[in-house]
Structures are given as C-alpha cells and as structure tokens.
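In: next input, structure requested:
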Amino acid sequence: MDRRIEQATDALIESYTGGGIKIHHLDRQPLPSHEAIIRMIDVMHELVFPGYAGAQGLAGGSLRRHVEARIMWLYEALTEQISRAINHGQKIGAHCEVTEREAADCAAEFLAQLPRVREVLATDVQAAYDGDPAATCLDEIIFSYPGVYAVMVYRLAHELYKLRVPLIPRIMTEHAHHRTGIDIHPGTRIGSRFFIDHGTGVVIGGTAIIGNNVKLYQGVTLGAFSFDKDANGQLIRNTKRHPTIEDDVVIYAGATILGGDTVIGRGSVIGGNVWLTHSVPPGTRVLQEAPKLRIITPEGTKEEEIESVAKK
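Out: Down below sits the predicted model:
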C-alpha cells in the first residue's frame, strides 16, 4: 500500500510539471482567496442589511463602533485581495487598468459606494414586496428570498467590476450562483426596482442591459447566439452579445431571449417558455400558443386547451 501511495504521489506531481494545458497555480505569488472573498461578502451583507445578517440589537455608539470595525476589516481584506487579483492579471498578460499600488484606492472607492448601493437595493426589496402577493413583509424578503441575495451580491460585484478589478467580481457572483441557482454576470447593467421571483435557473449574460422596474421569473435566460470567431479560430470578445430589456418589462418562467441586437421594448410582457431572437416594440405581448393537454381518466380520454399564464 505504501508503494502504491508513493507511485500515485509521483504521478500526480509529474502531471503538475508536465506539458499541456496548465491547470495549476504553484507560484509563490498568492491568488485571491475564495474563502476570504466569501467572508467579505458576509460582511458586506451585514453592512447593507444591518440587523438581518450578523450582529443584532445594535444602536447608538455601539452601532457606530461595530460598523466602523467592519468597514476597517473590509478595507484591509479587500485591499489585499484586490492586490492579489491585479498582480495575477498582470502576470498572465491580461489587460488590467489598475495597478497593485492602486488596490487601496479601489477598496476605498468601493466602500464609498455602499450607501448608494443600499439605496438601490431598497428599491429591489420594495419591488419584491409589490410584485409577490405571497410576501408578508419586507423582513421576510430580506431574510429568505434568493433573488434578493443574488441581486445584492451582483450589485456589490458590479461596483468592483466598474473599478476594473479582475477575478473578484466573478468569484462573488459565482458564489451567489452556487447558493441561489441564479447566474448574473457582474458586467450586466441593471436598473432599480429589479425583482427575480423564485429565481432558480435564471441566467443573465455579461453584456445584457436591464432597465428599471423589470421582473423575471425562474428559468429565464438573457443569453447570446453561438459565438463568432476570428480568422485564427479564436472567440471574438468585447462585443455586445446579450439583449437589452427596457423599463417595466415582465418575463415569465422559462423564456429565452438571445442576441446583442435584441431589444425588448418598454412595458412588454414575454410569456412563459417563449424563445425570442429579435426585438419587439414597446407594449408588446409575446405568447406561446395555448397547448393542448391529453387527459386520460377512468371515464375516457379528452383533450383540453390551457391558457398561458401571461394571458391572465
């Protein structure tokens, strides 16, 4: 058994140092820490929704001391993780518009945006309450709705994305994806009063643009067509590949909307399971034709048409 363990160890180490595609990072310069980033998300959660996450019952001087301590910890942790991410991005030749020395400035600028992020999140929570008759109070929504958590993490990650911080925004939104089943790329641009009802299976691509007061249901995809390639067979990047959703749009469960030139006009309703690859003007209702159900009972068989949810 000892010999087999030794052989397995030798073979695995040889695979690290051999040729082929590199899928290891054994250099001394550390990468961002996944665990540290999740801890930062937890602290951000506590700062944007105080009393719902983390410490409770704080007021007056104790509240100030607690918030100040959390912000100081977050500033130091974020500075370190941003520095690691920038260093790695420069090392692999990625286009990085900030330097390692600017990591602290990025962290400070991010913290300065937290009050504004809270203002937008407040509209998201209110939209969830206004859009879901099953919701009993705002507390229930903040505590338990996966869509609110995913949108919170997205909005925080988006601030870092706008600061051109590599790696960390995507790690943040993929953590939310893992936890909620909702996949929002940090580069997506989303307006206020955004509500994802139920949420599981929602996918929103990085170049999508979503206006104000938009509501999505579970299983919605705002995606891209198959990707174009250049003369060398490499994917063409940095183009708008995902749709634009204007204000006051509702998209029902299972709908798929594709293409960077696709625009869903203001006030439109996209019905469940619709597959849409072209633009529609404002106020449009796009519905699947009502399917027929074949119902087999002890008395016999009958067919029955059912109405689309979006017709109600």
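
In: which strands or helices does the helix or strand harbouring residue 77 pack on?
Out: For residue 77, the host element (DSSP states H and E) is helix 60-91. Helix 60-91 sits against helix 34-48, helix 103-112, helix 168-180, with contacts defined as 3 or more C-beta pairs under 8 Å, 6 or more residues apart in numbering; DSSP states H and E. For every residue, glycine as well, the C-beta is placed using N, CA and C.

In: quick one: low-confidence parts of the stretch 51-200 of the chain?
Out: Per-residue confidence for the stretch 51-200 of the chain (pLDDT under 70) gives these ranges: 89-100.

In: so how many other residues sit close to residue 275?
Out: If you count neighbours by other C-beta atoms under 10 Å, residue 275 ends up with 12.

In: residue 35 too?
Out: By other C-beta under 10 Å, 8 other residues sit near residue 35.

In: go on, the one 10 residues further on?
Out: By the other C-beta under 10 Å criterion, the neighbourhood of residue 45 contains 18 residues.

In: how near is it to residue 188?
Out: 20 Å (C-beta to C-beta, to the nearest Å).

In: ranges for the helices of this protein?
Out: With helices called from DSSP state H, the chain shows them at 2-17, 34-48, 60-91, 103-112, 114-131, 138-144, 146-162, 168-180.

In: tell me which of those lies nearest to residue 240.
Out: Across the helices of the chain, the minimum distance to residue 240, taken as C-beta to C-beta, is reached by helix 146-162, at 15.9 Å.

In: just give me how far that closest one sits from the chain centre.
Out: Distance, stretch centre to chain centre, for helix 146-162: 6 Å (C-alpha atoms, centre = their mean, to the nearest Å).

In: give the buried residues for stretch 153-173.
Out: Buried positions in stretch 153-173, judged by neighbour count with 16 or more other C-beta atoms under 10 Å: 153-161, 163, 165-173.

In: ignore the last one, stretch 282-295
Out: 286-288.

In: so for it, mean pLDDT?
Out: With pLDDT averaged residue by residue, stretch 282-295 scores 88.

In: domains of this protein?
Out: With domains defined by automatic domain parsing, the chain comprises 27-181, 201-312.

In: redo the ones you listed as a markdown table? Include distance to residue 195.
Out: Formatted as a markdown table, those follow (distance: least, C-beta to C-beta, whole Å):
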| stretch | distance to residue 195 |
| --- | --- |
| domain 27-181 | 4 |
| domain 201-312 | 5 |
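
In: relative to residue 14, which of these is closest?
Out: Going by C-beta to C-beta, the one of those nearest residue 14 is domain 27-181, 18.2 Å.

In: how far off centre is that closest one?
Out: Relative to the mean C-alpha coordinate of its chain, domain 27-181 is positioned 12 Å out (C-alpha atoms, centre = their mean).

In: tell me who's in contact with the nearest residue to residue 141 once chain neighbours are set aside.
Out: Once flanking residues are discounted, residue 141 sits nearest to residue 128: 4.8 Å by C-beta to C-beta, 6 or more residues apart in numbering. Contacts for residue 128 (C-beta atoms under 8 Å, 6 or more residues apart in numbering) come out as 135, 141, 145, 147-148, 195, 197.
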